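In: Here you go, sequence then predicted model.
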Amino acid sequence: MHRLLAAVALFCLALLGIPAYAAEAVSIDHGLLQAAGSPAQAVTLPHRIYRPERVFARYRLEAVFDAPPALLAARTVLQLDSWPDGGRIELNGVEIADEPTSTPALVVRNLHPFLFVLPRELLRAHDNRLVMSWGSRETLVLVPRMQIGERALLEQLHQRQLFWDLTVVQASLVFAAVVAVVMLGVWWRQQGRDPPLEYLLIGASALGWIVFNTALLWSPVAAEWFLWRRMVGFAGIGAFVMGMWVSLVRLGGWSSPAFEWVCGGWVLLGPLLMGVGFALTGATHLRVVEMMWAVGAAGLGLVPLVVLLRAAAKAPTPRIATLLGVVFVGVGLAAREALIYVFRDPIGTVHIGIQVLAPVWLAAACGILVQDFVRSLREAEAQRAALDRRLAEREAELARLHARERELATDEERRRIMQDMHDGLGSQLVSSLALAESGELTAAQTAELLRACIDDLRLAIDTLGEGRIDLGVAAGNLRFRMEPRLRSAGMKVRWDMSRLPDTLSLPGTEALPVLRVMQEALANATRHAGAKALQVGLACEGNHLVLEVADDGRGFDLQHHAPGKGLAGMQKRARALGAQLELESTPQGTRVRLRVPLPPAAAGPAPAESAPA
């Protein structure tokens, strides 16, 4: 890519030396130019006339030439490098060309070459008289160079000039539009991510090129709009050149806010001076303004030249070589434009170099930024791969920690179950064994003790396992096992779990103590209270789970009653839950009430009220 762009830049430099005429043709280099009402004066073509006033005037150019014998026998043509104002051309009194020309209300600006076929019978060996007449309103009058020669030779020259002056302009407009859309689009999409300013600068440079050439191609134009056309074109070429200079400086590895401000001011300076000059003098073309602007643009181009030369001295790379080729071409063309204004067009009126610079510069800038973008993508891909590796390592570490946590949780669950079985089922079996060995138990009492042990074991199994326990289901299982025995003891039981949410679930370590308290309260009512009726309620009240077991038995004296293992176990489980245990006992019955705090998310909405079973 760098070698290709460097080769294109060298080719563009070589193009600057292409001659603008064919040696085999007769070149119209001199003539008598006469403005209406003024005497004729001899001029050398091409010719520029800077007039002090912006008024419409008619002009006439007369040139005399001899035709060599070769031209008299060949098919001949007349070729014009350009024909800015249009007009009429006569050869030996016969009209051979007629193009629209400027009028008092309309300005014509043709900036491309023209070719006209000459009838063979019009040419003479000596004293051929060529007359061009046209009208002009602006303060700059341009008279082009003209050549008469063999069609085969001049048609090649004409096609080459037409290519550079028109086809290349149109192609560069399309290319610049693509570059502007891509560069400005990338810069815009990167907002908030500190995008490189080079994208904005190159996009602005491409937009400037579009504005400049659009203004050049705008012809004809109403006379009152011509000054604005000139100012817009000046601003466009300024944005193109200064955007190029600042981008080259930044791409060369240097940044200067002062230089960037100067370049930005230079973009506005040209149109501003042109407007001020028109207000003061009434002239649409001020040679001193154009010369000063061109000299300044060439001078500012020395900054990126120095920056890139220093960068090449430190670390010569194909990238720096490409940028140096671009800046050499740009500075050379800016200096060439300055010489045109200083020496009144010693080089010519056809400026093909600037049309070459634009695509070369934009292609070079895009190529470099695309390479930078690809490198950034590769770096981002490498970073992503590194992050993927680190993520995989972290996932493996998390999996290991999770497995270890599961092991610890399993060990903790195992210890909980063992402790609970030790405190509940174990103590129950030990006491039952002691009574059985002493011979104090009947067969019915032994069976009752074994049933209680089995209830303890099943209750532990209900709350065993990972995850959370559905309290409603676990309480329903306990009710299913206990209710037949309670009814066989002659007790009528009412169960009310209508205010318990369907979604209530608790960890096994919290669900088991609640069920143990319920089981113990039911067992006490059966063994000691002599009750005939029981009421069992399980509900959510706000952020609390409330368990209430009430009987109509004979009760006991709470103040003088020594707490047994059942009451002590209930109090111990309540403390483990951070719950509040309330005991009320009278001769008319006993009520056990347990209030367990719940997290807000655990309570959930209560189901609709239903009749207790």
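Out: Yes, it's here. These numbers were taken from a predicted model, which means no experiment stands behind them.
In: Tell me where the stretch 51-200 of the chain has helices.
Out: Assigned by DSSP state H, counting those that start in this stretch, the helices in the stretch 51-200 of the chain fall at 69-73, 151-162, 168-189, 197-217.
In: With mean pLDDT and mean neighbour count as new columns, can those be given to me in TSV?
Out: From N, CA and C alone the C-beta is placed, and that goes for glycine too. As requested, the helices of the stretch 51-200 of the chain are exported to TSV (pLDDT from 0 to 100; neighbours: other CB atoms under 10 Å):
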stretch	mean pLDDT	mean neighbour count
helix 69-73	87	13
helix 151-162	89	16
helix 168-189	87	17
helix 197-217	90	22
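In: any idea how far V211 is from W83?
Out: Per CB to CB, to the nearest Å, W83 is found 25 Å from V211.
In: Tell me how far the residue sitting nearest the centre point of the chain lies from V131.
Out: The residue lying closest to the centre of the chain (CA atoms, centre = their mean) is R189, at 2.6 Å. From R189 across to V131, the span is 60 Å (CB to CB).
In: cool, E198 as well?
Out: 54 Å.
In: what do you get for L80?
Out: Distance of L80 to V131, computed by CB to CB: 14 Å.
In: So between those two, which is more surrounded?
Out: L80 (25 against 17; other CB atoms under 10 Å).
In: ok, that one touching P113?
Out: Yes. With contact defined as CB atoms under 8 Å, L80 reaches P113; the gap is 6.1 Å.
In: what domains does the record give for the protein?
Out: Here the domain parsing of the chain from automatic domain parsing is 2-379, 469-603.
In: from the chain's centre, how far out does the longest one sit?
Out: What separates the centre of domain 2-379 from the centre of its chain is 36 Å, taken as CA atoms, centre = their mean, to the nearest Å.
In: Between the helices of the stretch 51-200 of the chain, which one is closest to H30.
Out: Closest of these to H30 is helix 69-73, at 18.4 Å (criterion: CB to CB).
In: what does the closest one contact?
Out: Taking contacts as CB atoms under 8 Å, 6 or more residues apart in numbering, the residues outside helix 69-73 that touch it are V26, R120, L123, A125, I148, G149, E150.
In: 6 Å instead?
Out: L123 (CB atoms under 6 Å, 6 or more residues apart in numbering).
In: Tell me who's in contact with A550.
Out: A550 touches Q535, R591, counting by CB under 6 Å, 6+ apart.
In: quick one: buried residues of the helix or strand harbouring it?
Out: Using DSSP states H and E, A550 maps to strand 544-551. By 16 or more other CB atoms under 10 Å, the buried positions in strand 544-551 come out as L545, V546, L547, E548, V549, A550, D551.
In: what mean pLDDT does that strand have?
Out: Here strand 544-551 scores 89 as its mean pLDDT.
In: Kindly report the same for stretch 526-538.
Out: Here the average pLDDT along stretch 526-538 is 82.
In: Show me which residues of it are buried.
Out: T526, H528, A529, A531, L534, Q535, V536, G537, L538.
In: Taking those, tell me the two that lie furthest apart.
Out: H528 and L538 (22.5 Å).
In: hmm, back to that, in JSON lines, list the buried residues of stretch 526-538 along with secondary structure.
Out: Listed next are those as JSON lines, based on DSSP: H, G, I helix; E, B strand; the rest coil:
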{"residue": "T526", "secondary structure": "helix"}
{"residue": "H528", "secondary structure": "helix"}
{"residue": "A529", "secondary structure": "helix"}
{"residue": "A531", "secondary structure": "coil"}
{"residue": "L534", "secondary structure": "strand"}
{"residue": "Q535", "secondary structure": "strand"}
{"residue": "V536", "secondary structure": "strand"}
{"residue": "G537", "secondary structure": "strand"}
{"residue": "L538", "secondary structure": "strand"}
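In: Just give me the neighbour total for the closest residue to I89 other than its chain neighbours.
Out: Counting by CB to CB, 6 or more residues apart in numbering, I89 lies nearest to A97, which is 4.1 Å off, once chain neighbours are set aside. By other CB under 10 Å, the residues close to A97 number 19.
In: One more: L227?
Out: The number of residues packed near L227 is 20, by other CB under 10 Å.
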